[in-house]
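Enquirer: Build me a structure from this.
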Amino acid sequence: MFSTLSFVGYSIYEIVSIPLYLRIIFVLVTKKEFSSPFFRFLSVIGILEICHYVIDVVYYRLPIFGPTSSWFGTSPSPFYNVGTFLIYFFNYPIYVLHIAIALNRCSSVWVPVRQKAFWRRACKPVIAFAFVVSFAFSAHRLITVVQLAPLDKADPSKGSIPIITAYKLYFIDTNLITASFNTFVFLSTSLINGFTLYKIVQMKRAGMLKNEAQKVELNLFVISIWMTMSMIILIIFQLSLFMLRSGLLDNVLDVGQLNYFLFMQQPLVEIIGTESHPWVLLIMCRALRAKALPFLAQFKRWRNSGVVTATNANHGTVITRTGPPIITICSSSSLNSNIGITAQQPARPWQQQQQQQQSWSRTTTTRRF
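Expert: As a prediction, this is how the structure comes out:
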């Protein structure tokens with residue numbers, strides 16, 4: 001049975017990441033500057049990933065309610081079928097849209113003029129096509145037959161896991177279909193991103209990247225690269241499940257221990273494979289970061305709000321410092337030895353000239369708040 005401690009640990013991560021992801025999705029949907037098809041695909045992916053997580057971890061893995069508990073009794077099929085169908089129905093479109101994002105970035109460098117009109121027309125049909133493909137690959141899970149099997153035959157106390165006995169689609173094991181589908185997506189996006197990278201290098205050698213009209217959004221391309229590379233972990237995990245449950249590892253490894261290990265690590269695989277996307281978006285997209293987390297921009301403006309200018313009369317040098325507002329304590333003989341305390345703001349050009357003409361004392365002491 002899924003460890004309660006592990007569930008709590010992953011839930012702590014999700015308490016931070018899911019509200020952050022919801023905030024990002026809200027910004028992508030409501031702000032006009034993020035109305036391009038690229039960000040539309042990302043918003044759909046974000047919604048699907050949250051739905052997938054809620055069903056997979058809360059419904060399927062919560063120890064109190066999950067199919068590994070006694071709540072299902074001896075036959076979890078009626079409930080387990082619906083759960084697994086929804087998990088995969090929300091999962092497959094994510095990878096179809098990975099291909100769409102890679103194609104979008106590739107066309108933006110090869111045909112930058114015509115691609116905008118094309119993707120505006122094709123955005124909704126591509127999203128609809130992703131759900132059609134997902135239903136075709138997931139519908140058979142509604143009629144599968146399920147039975148409970150122990151995670152570790154040597155230690156029944158570890159709990160049981162639902163094992164689908166009739167688990168084939170077109171005479172091929174479904175685990176293999178899932179791994180093959182994701183492998184196809186990985187190879188396709190890798191090839192497309194390779195063409196994109198080749199064009200970017202070609203443009204850089206020709207000096208075209210310096211032209212503002214032909215500027216390449218490298219940060220968006222990096223997001224596409226990350227989505228592609230993170231699929232490696234998912235493919236390895238799915239192939240391991242296929243080899244384990246098809247009996248290919250019976251004579252090599254302790255199948256019970258490996259089955260238990262893979263079952264326990266699936267949330268971590270999902271975090272690395274899909275739920276890392278909001279953090280990558282914030283790191284690589286400055287405009288999105290400014291809209292989703294406005295307090296960061298306010299803090300940065302506060303850090304750069306104060307400017308201190310001091311003139312040394314002996315050497316005729318002007319020292320300018322930018323940073324947080326500071327208090328400057330000046331000892332000046334020209335002010336009859338009075339002490340003036342000022343919180344200085346950025347000086348205008350005429351103010352700087354006036355300050356240079358004044359005779360300040362040799363000592364200027366500054367103290368930070």
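
Enquirer: how much space between the nearest residue to residue 127 once chain neighbours are set aside and residue 222?
Expert: Spatial nearest neighbour of residue 127, chain neighbours left out: residue 44 (5.7 Å); criterion: C-beta to C-beta, 6 or more residues apart in numbering. Glycine gets a C-beta too; all of them are placed from N, C-alpha and C. Counting by C-beta to C-beta, to the nearest Å, the separation of residue 44 from residue 222 is 20 Å.

Enquirer: And the two? Which one has more around it.
Expert: Legend: neighbour count by other C-beta atoms under 10 Å for residue 44 and residue 222, higher for residue 44 (22 against 15).

Enquirer: what about the helices in the stretch 151-300 of the chain?
Expert: 174-205, 218-229, 231-245, 255-273, 277-284, 286-292, 294-303 (DSSP state H, counting those that start in this stretch).

Enquirer: out of the ones you listed, which comes closest to residue 31?
Expert: helix 286-292 (5.8 Å; C-beta to C-beta).

Enquirer: remind me which residues of the stretch 51-200 of the chain are low pLDDT?
Expert: For the stretch 51-200 of the chain, the stretches flagged by pLDDT under 70 are 57-80, 144-174.

Enquirer: Let's see that with 50 instead.
Expert: Across the stretch 51-200 of the chain, the ranges flagged by pLDDT under 50 are 64-75, 164-167, 170.

Enquirer: Report the separation between residue 271 and residue 13.
Expert: Taking C-beta to C-beta, one finds residue 271 at 7 Å from residue 13.

Enquirer: who has more neighbours, these two?
Expert: residue 271 (17 against 13).

Enquirer: Contact partners for that one?
Expert: By C-beta atoms under 8 Å, 6 or more residues apart in numbering, residue 271 lies in contact with 10, 13.

Enquirer: which residues sit in contact with residue 53?
Expert: By C-beta under 8 Å, 6+ apart, the neighbours of residue 53 are 14, 18, 270, 275.

Enquirer: Also residue 22?
Expert: residue 50.

Enquirer: any idea whether it is helix, strand or coil?
Expert: helix (DSSP: H, G, I helix; E, B strand; the rest coil).

Enquirer: Against residue 28, how distant is it?
Expert: From residue 22 to residue 28 the distance is 11 Å (C-beta to C-beta).

Enquirer: Now render the contacts of residue 53 as CSV, adding neighbour count and pLDDT.
Expert: Below are these laid out as CSV (neighbours: other C-beta atoms under 10 Å; pLDDT from 0 to 100):
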residue, neighbour count, pLDDT
14, 19, 75
18, 17, 85
270, 21, 71
275, 23, 72
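
Enquirer: Report the two of those separated the most.
Expert: So, these by C-beta to C-beta: farthest apart are 18 and 270, at 12.7 Å.

Enquirer: Mind putting the contacts of residue 53 into a markdown table with distance to residue 8?
Expert: Formatted as a markdown table, the contacts of residue 53 follow (distance: C-beta to C-beta, whole Å):
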| residue | distance to residue 8 |
| --- | --- |
| 14 | 11 |
| 18 | 15 |
| 270 | 17 |
| 275 | 17 |
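
Enquirer: three-state assignment of the closest residue in space to residue 199 that isn't next to it in sequence?
Expert: Once flanking residues are discounted, residue 199 sits nearest to residue 109: 4.4 Å by C-beta to C-beta, 6+ apart. Three-state assignment for residue 109 (three-state DSSP): helix.
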